[in-house]
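In: The following comprises the amino acid sequence and a computationally predicted model.
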Number of protein chains: 2
Amino acid sequence: MAKELVVAIVGATGAVGSQMKEQLIKRKFPIKHIKFLASARSAGKEIEFNNQKYIIEEATPEAFEGVDVAFFSAGGSVSAKLAPEAAKRGAVVIDNTSHFRMHPEVPLVVPEVNREDLAKHNGIIANPNCSTIQMVVALQPISEKFGLSKVVVSTYQAVSGSGISAIEELREQSAQWEKGKDVEANILPAKSDKKHYPIARNVIPQIDVFTDNGFTYEEMKMINETKKIMHSPELSVAATCVRVPVVSGHSESVYIEVEQDATKQDIFEVLRNAPGVVLQDDITQQEYPMPIYVEGEDPVYVGRIRQDLDNKKGFHLWVVSDNLLKGAALNSVQIAEAMLEDNLL
Amino acid sequence: MAKELVVAIVGATGAVGSQMKEQLIKRKFPIKHIKFLASARSAGKEIEFNNQKYIIEEATPEAFEGVDVAFFSAGGSVSAKLAPEAAKRGAVVIDNTSHFRMHPEVPLVVPEVNREDLAKHNGIIANPNCSTIQMVVALQPISEKFGLSKVVVSTYQAVSGSGISAIEELREQSAQWEKGKDVEANILPAKSDKKHYPIARNVIPQIDVFTDNGFTYEEMKMINETKKIMHSPELSVAATCVRVPVVSGHSESVYIEVEQDATKQDIFEVLRNAPGVVLQDDITQQEYPMPIYVEGEDPVYVGRIRQDLDNKKGFHLWVVSDNLLKGAALNSVQIAEAMLEDNLL
């Protein structure tokens, strides 16, 4: 009989955590036993999983005793405190927060791109930022075949990346058409930041808070994580991250420059055969990816592929994926699956 | 007494035409007499202007007799047929459609950028594409000071660019939250194209129809018009144009490469003193332009200015303006004002 694992989920009631539960069920992850962990405040509450009711337990260090794999998506400070405790007790942590992503000892993994890094883990694997994951899934096969020197990305990111409360806020604001910019705003662009702006009928060029260099943390995540995942410290990467009034599904307008000569047909060919990618590019039929149609879908969709008109080594791509799935929960479960297959769990 | 002109408006009931009327009033354009022209179907209907009622006349060639300046925004085929007739009768046509924009004998003008081209007119002046206008207003002062070699732009364009019916469609779709992607869609991405997609809770990477090279007409407009307006045939320009669920106000994520060394402070300084530009860039106060706040405002707003982290000559800008105002009606009226000042009318 195939190996079955003891699984813990920390932060199961959030937007990502809910999808994590669904992915484990949908993908028939081999679970011997599952436990749901949260802060003392939520402990004792009921949670449903696969038509069974579970009682949420408090996420103490001891709660990870006997756990094989622990999925964390309860915020960076929870991961900072408890992921090392879980790892110390023999669990492999797959962490959805940004806390450990750039730590040199922590693999940052998208299985289609750098699965080999999983073997180097020290108990913690980091799941990359949602907008980074979908981009590197599209770029890696191009990079392998033609080399990659430059990436300039502008994002169109869904509100679900800011959690369930942001979805609710978009819904409420959308219902108040006549109020225009005078709707109430409490969540976006970043709950912890000083000012909040409406997202309905608007786009906000700020995701997460600002860093000292003028880029936001979200932009710096895309820049730094892309280089780490693709093992390309020299790759030139720039990002402008923008929130749009979409529920789920991040879109990205990506300009790249490759190192070897390539044609548009070459890029088509590479992406048609790329793992995790669905090529959706037939302009004669107005076929291209759009966020409203990728909600609930696993793949990374790529379309609008064009060779630059001035630079033969420049290409433009439009990349769309469900930020809660491949961008978060699905990638986390795929990491666990890959580790199982590679006898790392 | 200052000169007063006989003005004609062709297409006064559309999204741009309505703004045209408002701009003429607001800016106190010196009108001796105004007439409203439309197809035979609309002729005879009433239209209000400056609290007076006018009867719409049929737009025949003869209707332009005695007209000094005619503003056209009734579609390319109307301009193709009637603009030369108006010009033949001594009117100066300021045409908001794309029909004459790339004609070598027709100046394509943004007064802040290439006002001098107005003198070369042969009866027709073309008003550029909305997304092009706001970008060149921001880029021209940078280009003048530091030179410009490359532009890569991704747009976030409002539905009002597709007319009043597109605004109405977004409103209706927004009211049907629970239907998600199953709302009715008849207008976007392009009324004349085969398929239509929802815009509420979605972004659509198609504006106008596709050209043979895989870029859309909207993208090719940004590429070709930018080079023409800026007198820079060698400038490398690429565009990805995307419709977003915003009523009015186009946003643009623009990556540029300059020719001379420049710092972020240099770019700030240039834009702070640039005609038609408002620098709105204070990340410590989360100050940056957003479309919902530029509705009804004249300037082109620029923020999120960053020097590229890998290329010292690379800069990232976020440019937002009201597409119906500076992007259309305001620029048209400014063209007429400049011509009056320069004794060309």
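Out: In hand now; what should we look at? Numbers count the residues shown, from 1 in each chain, chains lettered A, B, ... in the order given.
In: which stretches of the stretch 1-150 of chain A form strands?
Out: A:5-10, A:31-38, A:46-49, A:52-55, A:57-58, A:69-72, A:92-95, A:124-126, A:148-156 (DSSP state E, counting those that start in this stretch).
In: and those as JSON lines, adding distance to chain B and mean neighbour count?
Out: For glycine as for every other residue, the C-beta is placed from the backbone atoms N, C-alpha and C. Rendered in JSON lines, the data for the strands of the stretch 1-150 of chain A read as follows (distance: least, C-beta to the nearest C-beta, whole Å; neighbours: other C-beta atoms under 10 Å in any protein chain shown):
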{"stretch": "strand A:5-10", "distance to chain B": "27", "mean neighbour count": "23"}
{"stretch": "strand A:31-38", "distance to chain B": "29", "mean neighbour count": "19"}
{"stretch": "strand A:46-49", "distance to chain B": "23", "mean neighbour count": "14"}
{"stretch": "strand A:52-55", "distance to chain B": "28", "mean neighbour count": "11"}
{"stretch": "strand A:57-58", "distance to chain B": "35", "mean neighbour count": "14"}
{"stretch": "strand A:69-72", "distance to chain B": "28", "mean neighbour count": "28"}
{"stretch": "strand A:92-95", "distance to chain B": "26", "mean neighbour count": "26"}
{"stretch": "strand A:124-126", "distance to chain B": "22", "mean neighbour count": "26"}
{"stretch": "strand A:148-156", "distance to chain B": "4", "mean neighbour count": "25"}
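In: Turn the ones you listed into a markdown table, including distance to residue A:195.
Out: Formatted as a markdown table, the entries for the strands of the stretch 1-150 of chain A read as follows, by distance: least, C-beta to C-beta, whole Å:
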| stretch | distance to residue A:195 |
| --- | --- |
| strand A:5-10 | 31 |
| strand A:31-38 | 30 |
| strand A:46-49 | 35 |
| strand A:52-55 | 39 |
| strand A:57-58 | 35 |
| strand A:69-72 | 30 |
| strand A:92-95 | 30 |
| strand A:124-126 | 30 |
| strand A:148-156 | 21 |
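In: Make JSON lines out of those strands and add mean pLDDT.
Out: Written out in JSON lines, the entries for the strands of the stretch 1-150 of chain A read as follows (pLDDT from 0 to 100):
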{"stretch": "strand A:5-10", "mean pLDDT": "97"}
{"stretch": "strand A:31-38", "mean pLDDT": "97"}
{"stretch": "strand A:46-49", "mean pLDDT": "96"}
{"stretch": "strand A:52-55", "mean pLDDT": "97"}
{"stretch": "strand A:57-58", "mean pLDDT": "96"}
{"stretch": "strand A:69-72", "mean pLDDT": "98"}
{"stretch": "strand A:92-95", "mean pLDDT": "98"}
{"stretch": "strand A:124-126", "mean pLDDT": "98"}
{"stretch": "strand A:148-156", "mean pLDDT": "98"}
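In: For residue A:109, which of those strands is the nearest?
Out: Between residue A:109 and the strands of the stretch 1-150 of chain A, the tightest spacing by C-beta to C-beta is seen for strand A:124-126, at 5.8 Å.
In: Which one of the strands of the stretch 1-150 of chain A lies nearest to residue A:132?
Out: strand A:148-156 (9.5 Å).
In: Tell me the helices and strands packed up against the closest one.
Out: helix A:130-146, helix A:217-229, strand A:236-240, strand A:250-258, strand B:148-156 (3 or more C-beta pairs under 8 Å, 6 or more residues apart in numbering or on different chains; DSSP states H and E).
In: contact partners of the helix or strand following that strand?
Out: Per DSSP states H and E, strand A:148-156 leads on to helix A:164-174 as the next helix or strand towards the C-terminus. With contact meaning C-beta atoms under 8 Å, 6 or more residues apart in numbering or on different chains, helix A:164-174 is reached by A:14-15, A:159-160, A:179, A:183-188, A:191, A:198-201, A:245, A:247, B:174-175, B:177, B:200.
In: Output helix A:164-174 as PDB, nothing but the C-alphas.
Out: This file holds the C-alpha atoms of helix A:164-174, laid out as PDB (Å, rounded to 0.1, in the frame of the first residue of the first chain):
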ATOM      1  CA  ILE A 164     -11.700  36.900   1.900                       C
ATOM      2  CA  SER A 165     -12.300  40.300   3.300                       C
ATOM      3  CA  ALA A 166     -11.000  41.900   0.100                       C
ATOM      4  CA  ILE A 167     -13.400  39.800  -2.000                       C
ATOM      5  CA  GLU A 168     -16.200  40.900   0.300                       C
ATOM      6  CA  GLU A 169     -15.200  44.600  -0.100                       C
ATOM      7  CA  LEU A 170     -15.100  44.400  -3.900                       C
ATOM      8  CA  ARG A 171     -18.600  42.800  -3.800                       C
ATOM      9  CA  GLU A 172     -20.000  45.500  -1.500                       C
ATOM     10  CA  GLN A 173     -18.400  48.300  -3.500                       C
ATOM     11  CA  SER A 174     -19.700  46.800  -6.800                       C
END
